[in-house]
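# Build me a structure from this.
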Amino acid sequence: MCGIVGVVSQDPVNQLIYDALLLLQHRGQDAAGIVTQQGRKFFMHKAKGMVRDVFRTRNMRSLPGNCGLGQVRYPTAGNAFSEEEAQPFYVNAPFGLVLVHNGNLTNAHALKQELFQTDHRHINTESDSEVLLNVLAHELEKVTRGLTLKPADVFAAVRGVHQRVRGSYAVVALIAGHGLLAFRDPYGIRPLCLGRQGQNVMLASESVTLEGTGFELERDVAPGEAVFVDLQGNVQAEQCASAPALKPCIFEYVYLARPDSVINGISVYQARLNLGASLAKRVISTVPPNEIDVVIPIPESSRPSAMELAQLLGLPYREGFVKNRYVGRTFIMPGQAVRKKSVRQKLNVIGSEFKGRNVLLVDDSIVRGTTSREIVQMARDAGARKVYLASAAPPVRFPNVYGIDMPTPDELVAHGRTVDEVRQIIGCDALVYQDVDGMKQAVGQLNPKLGGFDASCFDGEYVTGDITAEDIARLNQGRDQTEEGTEDTSRLALPNAQVA
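I've put the predicted structure just below:
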């Protein structure tokens, strides 16, 4: 889960890309980068940290040009702590290419060997995005053979990328002196949309980025499609995959995306309302509404679901937690110890909403269980008589390999456990989960044209059809170590965890 943006404009784009990245900050807080193009020269600045910290006035002045790319990074592959793996990535041949990528390649290791042994290309980092850039560069080189680049060549190169690359990828790239290229994987797992402002064109991960910078959402980039925008803002598009099928990641709607975005024709806000309505039916079958005094969301993604649930059950909706907005999302913090420590820094209770009451807490999802356990204890410390917990998503039982930090089975609290066993670990009086079919129906009814969803972290069905237990083990090599190289404390926090 990263946030990417690309712009071709009639005016300088450095401030525009900066503003766009601020609107995508929720998608990654580890690093940020911008590259611009003036003539045939690229200008780049990238570093670890939040957008506001990475870019100073002197950095912005050094980014001239009327087209460019930007990315905010949340690492799921490679070295999460290496500044050199911040994006964009650059390669000088053919033409000069820079690229930003949202997603995760599941065959990056094999591709890296191919690039070295067959394509004679050097990969300098552990990032799968650098692998993807070099595959694209090699395919472009094959079709152009050093001759003048035409849009048909660009589309042929993307067809070659689709044939070689597996996994999830939404990509925006700049080709020096020619224009901007964007494409999605054949399943459209990660989002990418296109918008216009007169002759200016923007491609971004979420529609809120377009609307927040004065662009009008035109459409989503289709799965497998490539879009080429020349330096005058002319757009050409072509389907480059042999059998595309739109099956986006359902976790975008559950948690990742901003509620004011529209992704693949679905309002994220409405999707979360629908999830709340579906969850209400599950709550009734587990906890009689007359035993619940108040419904309280766990900020922030769960608010729409909690409001809809409370309204349907005829229960008061209250805000019981105040969020410190200057602490990053605990879900995307590397290391279980860091996540656990940050919960009480991030949330503070309003004691009067808990004291002497039976409270139903509503969260968007429960992944590792560490945050949920801390929050339940905070509610009890504030005087709650009983604490019930409802999740707008089903149990997360399987690793995600398409770009979300749900890496190993032993870190997932629901893996290999019954709901009651999870309830005991979290420490709540009752635990209610959404069911998988209810989740898919709640979101899917908002766009009947969808071919389904990737819900692999819930149902274990990987839409690319090429994931084995060995692949998951390989993809997560080295993830049992923290930044300091010590044992991952998730195993200590979850003593009963089972390894698949």
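# Mind checking what secondary structure Gln345 has?
Secondary structure, DSSP: H, G, I helix; E, B strand; the rest coil: Gln345 is helix.
# can you give me the strands in the stretch 51-200 of the chain?
67-73, 89-91, 97-105, 167-175, 179-184, 193-197, 200-204 (DSSP state E, counting those that start in this stretch).
# For the shortest one, name the packing helices and strands.
Counting contacts by 3 or more C-beta pairs under 8 Å, 6 or more residues apart in numbering; DSSP states H and E, the secondary-structure elements packed against strand 89-91 are strand 97-105, helix 128-144. Heads up, the C-betas are built off the backbone N, CA and C, glycines and all.
# quick one: which of these is nearest Ile284?
Across those, Ile284 has its closest neighbour in strand 97-105 (37.9 Å, C-beta to C-beta).
# just checking, what packs against the closest one?
By 3+ C-beta pairs under 8 Å, 6+ apart, strand 97-105 packs against strand 3-8, strand 67-73, strand 89-91, helix 128-144, strand 167-175.
# Counting by contacts, list what the fourth one packs against.
The one in question is helix 128-144. strand 89-91, strand 97-105, helix 108-117, helix 151-164, strand 167-175.
# any idea of the mean pLDDT for it?
Helix 128-144 shows a mean pLDDT of 94.
# ok, now the second one?
Confidence for strand 67-73, expressed as mean pLDDT, is 97.
# Quick check: phi and psi on Arg380?
Arg380 adopts backbone torsions of phi -70, psi -40, taken as degrees, to the nearest 10.
# so it makes contact with Val387?
Yes - if you go by C-beta atoms under 8 Å, Arg380 and Val387 touch, sitting 6.0 Å apart.
# What's opposite the residue nearest to Phe321 when sequence neighbours are not counted in the beta bridge?
With C-beta to C-beta, 6 or more residues apart in numbering as the criterion, Phe321 has its nearest non-adjacent residue at 4.7 Å, and that residue is Leu347. Here Leu347 sits in beta bridges with Lys323, as judged by DSSP bridges.
# which residues does Leu347 contact?
Ile298, Pro299, Phe321, Val322, Lys323, Asn324, Ile375, Met378 (C-beta atoms under 8 Å, 6 or more residues apart in numbering).
# Single out whichever of these has the smallest pLDDT.
Asn324 (85).
# mind checking the SS state of Glu308?
Assignment for Glu308 (three-state DSSP): helix.
# Just want the phi and psi numbers for the residue lying farthest from the centre of the chain.
Within the chain, the residue lying farthest from the chain centre (C-alpha atoms, centre = their mean) is Gly356, at 38.5 Å. Per-residue torsions, Gly356: phi 70, psi 10 (degrees, to the nearest 10).
# what's the burial count for the nearest residue to Gln445 once chain neighbours are set aside?
Distances taken as C-beta to C-beta, 6+ apart put Asn274 closest to Gln445, at 7.2 Å, once the chain neighbours are dropped. Asn274 has 25 neighbouring residues, counting by other C-beta atoms under 10 Å.
# Can you pull the residues that touch both of Arg380 and Val387?
Gly427.
# higher neighbour count, those two?
Between Arg380 and Val387, counting by other C-beta under 10 Å, Val387 is the more crowded of the two (24 against 17).
# how close does that one sit to Tyr317?
Distance, Val387 to Tyr317, by C-beta to C-beta, to the nearest Å: 17 Å.
# re earlier: pretty sure the residue nearest to Gln445 is in contact with Val443, am I right?
Yes - between Asn274 and Val443 there is a contact at 6.6 Å, judged by C-beta under 8 Å.
# Three-state assignment for the nearest residue to Gly451 once chain neighbours are set aside, please.
With sequence-adjacent residues excluded and distances taken as C-beta to C-beta, 6+ apart, Gly451 is closest to Ala245, at 4.3 Å. Under three-state DSSP, Ala245 falls in the coil class.
# isn't Ala245 right next to Ile189, touching?
No - judged on C-beta under 8 Å, Ala245 makes no contact with Ile189 at a distance of 10.7 Å.
# and the two? which has more neighbours close in?
The neighbour count for Ala245 versus Ile189, taken as other C-beta under 10 Å, is higher for Ile189 (27 against 14).
# Check what pLDDT the more buried one gets.
97.
# give the contact list for Ile366.
With C-beta under 8 Å, 6+ apart, Ile366 has these contacts: Ser372, Leu389, Ser391, Ala393, Pro395, Val396, Val413, Ala414, Val422, Ile426, Tyr433.
# ok so, going back, in the helix or strand encompassing the residue nearest to Gln445, what counts as buried?
Take DSSP states H and E as the rule and Asn274 turns out to sit in helix 268-284. Across helix 268-284, burial judged by 16 or more other C-beta atoms under 10 Å covers 268-280, 282-283.
# And stretch 416-423, by the same measure?
Arg417, Val422, Arg423.
# Show me which of the residues you listed is closest to Val172.
Closest to Val172, out of all of the buried residues of stretch 416-423 and judged by C-beta to C-beta, is Val422, at 39.3 Å.
# The closest one against Gly416, yeah?
No - using C-beta under 8 Å as the test, Val422 is too far from Gly416 to be in contact (10.3 Å).
# so of the contacts of Ile366, which ones are in helices?
If you go by DSSP state H, these have Ser372, Val422, Ile426 in helices.
# Backbone torsions only: list them for Asp11.
Torsion angles, degrees, to the nearest 10, at Asp11: phi -130, psi 170.
# re the thing from before, just tell me which of the helices and strands packed on strand 97-105 ends up closest to Gly198.
strand 3-8 (11.6 Å).
# export the closest one as CSV, just CAs?
Taking Å, rounded to 0.1, in the frame of the first residue of the first chain, the C-alpha atoms of strand 3-8 are listed here in CSV:
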residue,chain,number,x,y,z
GLY,A,3,0.4,6.3,-2.8
ILE,A,4,1.4,7.3,-6.3
VAL,A,5,0.7,10.3,-8.6
GLY,A,6,1.8,11.5,-12.0
VAL,A,7,1.1,14.8,-13.7
VAL,A,8,1.5,16.4,-17.2
